[in-house]
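Undergrad: Could you look at this predicted model? Sequence included:
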Amino acid sequence: MMRNMSRWSFLPPVYSLSTALGLWVVYFVAIEDRRITSLSSEYRKNGSRYPPYISIAGNFPPASCIFSQVMNLAAFVGFIIGILRYLQLRHRVQKPWLNIGGLAALSLACFGMTLVGNFQLFGQENLHNLGTFMTFGLGTLFCWVQSVITLRVNLRNEGRKASILRFLLSGAITASMLLYFILMAQGLHMHAARTQWVLVMTFLAFIGTLGIEFGHCHFELGCIDNHEPPHSLSETFSEVSDYQSDQL
């Protein structure tokens, strides 16, 4: 089975692991630079360090430089994953608006990531917060849409098992997001910061699960010479199933 898996199956988990690693590098650089408090410590309001929110960790140089790069790359590759997922499902979903809605939600969430990464919290708070709401809100919507699609499509009879995992992750993401905003409103910043890290890591774990379906497909980019007559009306950027021709 492993021999028959497409190499595209590695893209989502590698994306999740590398993005998580980049964010933790930002965190440790900010700790070393004495900008934030450790997640395992207690926050003292009169101290010189800030609570360990991801946005605050990425607010001050040199961590801010790394943070911008991580978020820009995460947004770009996340957008590519969203397109590939859309192409994979376009002939299998009975209600196309679900698939289109999932792509739109992830695309806007990725745009929100660029706002978070390039407009630091203390410099451009309004734009930064807009990006945060887009990333968390639309990212959560994408997770729920994909959970529903996974159950309905049931690709290779793996959909039911994968959907259970994704529904659990979507529930954890939603609960973490709501808890995060509640703790923020109450001024419990250390708990809110820890919840934010759980939220982001859980969202990345969800994206990593897309490798389950990506293992059954490969994606090709074609180039057509304009001087030659077209042989078919197939799209240039097409998704091809390697191992199975039936449509689910």
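TA: Now that the structure is in, tell me what you want to look at.
Undergrad: What is the strand or helix carrying Gly82 packed up against?
TA: Gly82 belongs to helix 63-89 when assigned by DSSP states H and E. When contacts are defined as 3 or more C-beta pairs under 8 Å, 6 or more residues apart in numbering; DSSP states H and E, helix 63-89 packs onto helix 11-32, helix 96-118, helix 139-153, helix 211-214, strand 217-221, strand 237-241. To be clear about C-beta, it is placed using only N, CA and C from the backbone, and glycine gets the same treatment.
Undergrad: and the longest one, which residues are buried?
TA: The one in question is helix 96-118. Buried residues in helix 96-118, counted by 16 or more other C-beta atoms under 10 Å: 98-99, 102-110, 112-118.
Undergrad: how big is the angle separating it from helix 11-32?
TA: 20 degrees (axes from the mean of the first three to the mean of the last three C-alpha atoms, to 10 degrees).
Undergrad: Now tell me what touches the following helix or strand past helix 96-118 from outside.
TA: For helix 96-118, the succeeding helix or strand toward the C-terminus, using DSSP H and E, is helix 125-133. Residues from elsewhere that reach helix 125-133, judged by C-beta atoms under 8 Å, 6 or more residues apart in numbering: Ser55, Phe111, Gly112, Met113, Thr114, Leu115, Val116, Gly117, Phe119, Gln120, Leu121.
Undergrad: Go through the helices and strands packed on helix 63-89 and find the least confident stretch.
TA: Of all these, the minimum mean pLDDT falls on strand 237-241 (a mean of 44).
Undergrad: Low-confidence stretches in the chain?
TA: With pLDDT under 70 as the threshold, the chain has low-confidence stretches at 1-5, 43-48, 218-248.
Undergrad: roughly how far apart are Ala162 and Phe67?
TA: 32 Å (C-beta to C-beta, to the nearest Å).
Undergrad: what about these two, which has more around it?
TA: Neighbour totals were compared for Ala162 and Phe67, and Phe67 leads with 28 against 21 (other C-beta atoms under 10 Å).
Undergrad: List the buried residues in the helix holding Gly82.
TA: Going by neighbour count (16+ other C-beta under 10 Å), the buried part of helix 63-89 is 63-64, 66-68, 70-71, 73-75, 77-79, 81-89.
Undergrad: ditto for stretch 208-218
TA: By neighbour count on 16+ other C-beta under 10 Å, the buried set for stretch 208-218 is Gly208, Thr209, Leu210, Gly211, Ile212, Glu213, Phe214, Gly215, His216, Cys217.
Undergrad: got a list of what the third one touches?
TA: Going back to what we said before, that points to Leu210. Per C-beta under 8 Å, 6+ apart, neighbours of Leu210: Pro12, Ile81, Arg85, Gln146.
Undergrad: now with 6 Å?
TA: Residues in contact with Leu210, defined by C-beta atoms under 6 Å, 6 or more residues apart in numbering, are Pro12.
Undergrad: what do you get for the fourth one?
TA: For Gly211, the set of contacting residues under the criterion of C-beta under 6 Å, 6+ apart consists of Ser9, Pro12, Pro13.
Undergrad: quick one: which of those residues has the most company?
TA: Most surrounded of those: other C-beta under 10 Å gives Pro12, at 25 neighbours.
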